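Engineer: what would the 3D arrangement of this be:
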Amino acid sequence: MESTVLSLRMDGELLDRVRRRAARSGMSVQDYVVRALVKDDFDARFEAAVDETERFYGGS
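Structural biologist: You can find the predicted model right below:
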């Protein structure tokens, strides 16, 4: 899979919190942020699929 660079700007307080969470998970900050983005993307796609299924089957 091809990768692309994404640059983020965040304040020091947020970065410290992200570093602590990443460390607790045994991850780098980069891996932690990517995991959070992937999870958010999955959640959004899953919700859209559920909505589409409910429309198709006429759910309430």
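Engineer: remind me, longest helix of this protein?
Structural biologist: Criterion DSSP state H: the longest helix present in the chain is helix 29-57.
Engineer: now do that one: which elements does it pack against?
Structural biologist: Packing partners of helix 29-57 (3 or more C-beta pairs under 8 Å, 6 or more residues apart in numbering; DSSP states H and E): helix 12-24. (Glycine included, C-beta is placed from N, CA and C.)
Engineer: helices and strands around the helix it packs on, which ones?
Structural biologist: So helix 12-24, by 3+ C-beta pairs under 8 Å, 6+ apart, packs with helix 29-57.
Engineer: mean confidence for the helix it packs on?
Structural biologist: Regarding helix 29-57, the rounded mean pLDDT is 93.
Engineer: give the buried residues for it.
Structural biologist: Of the residues in helix 29-57, 32-33 count as buried by neighbour count, 16 or more other C-beta atoms under 10 Å.
Engineer: ok and it relative to helix 12-24, angle-wise?
Structural biologist: 90 degrees (axes from the mean of the first three to the mean of the last three C-alpha atoms, to 10 degrees).
Engineer: helix 29-57: how far from the chain's middle?
Structural biologist: On the basis of C-alpha atoms, centre = their mean, to the nearest Å, helix 29-57 sits 8 Å off its chain's mean C-alpha point.
Engineer: middle-most residue in the protein, spatially?
Structural biologist: For the chain, Leu37 is the residue whose C-alpha lies nearest the centre (C-alpha atoms, centre = their mean; 2.1 Å).
Engineer: quickly note the distance from it to Phe56.
Structural biologist: Using C-beta to C-beta, to the nearest Å, Leu37 is found at 29 Å from Phe56.
Engineer: please consider this matter closed, and thank you.
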